[in-house]
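1. with the input below, show me the fold.
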Amino acid sequence: MTPSKSFFWLVLAFCALCVMAGAATFALSGEAASDTALNVAGVAFLVAAAILWREGRRDPDAVLTLVGAFALLAAVCIGIYLFYADRPGTASQVALVVCVALGVACGAATWRRQRTESADFPDVLATMVLPASIFETEGIQLTGLLDQGRDRRPHAASILLQNCFDAPRTVTIRFDAAGAEKYMRFHPEHRVEIGPAEVARVVFPVVAPTYPGSYPLYFSIAVEGRSGKRVRLRRAQEATERTKAATTVALLVVGHLMVGGGIRFTIGPLPYDIWAAELPQPVRQSLWQPRIGTVPFAQPAA
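-> Next up is the predicted model:
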């Protein structure tokens, strides 16, 4: 997982909300510097509002989730205060009710939105594979299928990509054999253009030896380009990167253990010997494209 620009802005907005809440609490406590605290709270509110408004135009569900999480966290803090305070006052009780109501309302709104499918942008991947096997990186949903080699052809590793935004993206697909490179031949990296809201398949040939054995082949993607506005609202689980041995050792030095992760195929042997044959190029296929007029820069559907 690589933090995106949107992730950075949302974290900044969350921090601004926390500063606003802390400064407002200090100001309402009646301390001498309450005027300064109110000014800090006002500036933090403006910063948070500007960021949330900007990100809300692109991805409303991300903003609803953040505001809901912040409201519930604030409700927990207020609840702890009410539990221990001798005379909490009416203002704290009202704030608790408001925070709980806001958190529940935002959570319910985004939950309903993410389960509403648009007729213009169907969830194509969910009709092809189990939803549990779909992952997401930077608004590109992905999954992988492996077809065993036959008729003197190599294995075919298919990467399915679904663009959830209404802007074109450039996707770099990377493969990592986790130290088993000498047992397989494959294209380690390939760039592909995905149109606005398009669903595509990229088929990669993988050559393996004939003798028995199974080898891991991890895959991941990196996404570039304009993010646009999210038009497919259902979110998939965040894709993770494989933790390499060198990374594990480095983290152990500082007392942190991280192993596993990543999405992978398990490659078995081929029933015939084509090790020395030329490795075919990856093949891109468009599975679904939006109608003209539903997204900017849309291409005619095939």
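
2. please enumerate the helices of the protein.
-> Under the criterion DSSP state H, the chain contains helices at 5-28, 34-58, 60-84, 90-113, 124-128, 245-253.

3. check which helices and strands the first one sits against.
-> Other elements packing on helix 5-28 under the criterion 3 or more Cβ pairs under 8 Å, 6 or more residues apart in numbering; DSSP states H and E are helix 34-58, helix 60-84. For every residue, glycine as well, the C-beta is placed using N, CA and C.

4. re earlier: how about the helices of the chain in a markdown table, adding distance to residue 188?
-> Below are these laid out as a markdown table (distance: least, Cβ to Cβ, whole Å):
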| stretch | distance to residue 188 |
| --- | --- |
| helix 5-28 | 27 |
| helix 34-58 | 33 |
| helix 60-84 | 32 |
| helix 90-113 | 38 |
| helix 124-128 | 24 |
| helix 245-253 | 18 |
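
5. just the buried positions in stretch 6-20, please.
-> By 16 or more other Cβ atoms under 10 Å, the buried positions in stretch 6-20 come out as 6, 9-10, 13-14, 16-17, 19-20.

6. swap that for stretch 87-99, please
-> 92, 95-96, 99.

7. how about stretch 20-28?
-> 20-21, 23-28.

8. re earlier: what's the closest of the helices and strands packed on helix 5-28 to residue 197?
-> Among the helices and strands packed on helix 5-28, helix 34-58 comes nearest to residue 197, with 14.4 Å by Cβ to Cβ.

9. just how off-centre is the closest one within its chain?
-> Centre-to-centre, helix 34-58 and its host chain are 26 Å apart (Cα atoms, centre = their mean, to the nearest Å).

10. go on, stretch 101-115?
-> Using Cα atoms, centre = their mean, the offset of stretch 101-115 from its chain centre is 19 Å.

11. can I get it in PDB? Just the C-alpha atoms.
-> Extracted as PDB, the C-alpha positions of stretch 101-115 are listed here (Å, rounded to 0.1, in the frame of the first residue of the first chain):
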ATOM      1  CA  ALA A 101     -25.800  11.400  15.900                       C
ATOM      2  CA  LEU A 102     -23.300  12.900  13.400                       C
ATOM      3  CA  GLY A 103     -21.100   9.800  13.400                       C
ATOM      4  CA  VAL A 104     -24.000   7.400  13.000                       C
ATOM      5  CA  ALA A 105     -25.500   9.500  10.200                       C
ATOM      6  CA  CYS A 106     -22.300   9.700   8.200                       C
ATOM      7  CA  GLY A 107     -21.600   6.000   8.700                       C
ATOM      8  CA  ALA A 108     -25.100   5.100   7.500                       C
ATOM      9  CA  ALA A 109     -25.000   7.400   4.500                       C
ATOM     10  CA  THR A 110     -21.700   6.100   3.200                       C
ATOM     11  CA  TRP A 111     -22.700   2.500   3.900                       C
ATOM     12  CA  ARG A 112     -25.900   2.900   1.800                       C
ATOM     13  CA  ARG A 113     -24.000   4.800  -0.900                       C
ATOM     14  CA  GLN A 114     -21.400   2.000  -1.300                       C
ATOM     15  CA  ARG A 115     -24.100  -0.600  -1.700                       C
END
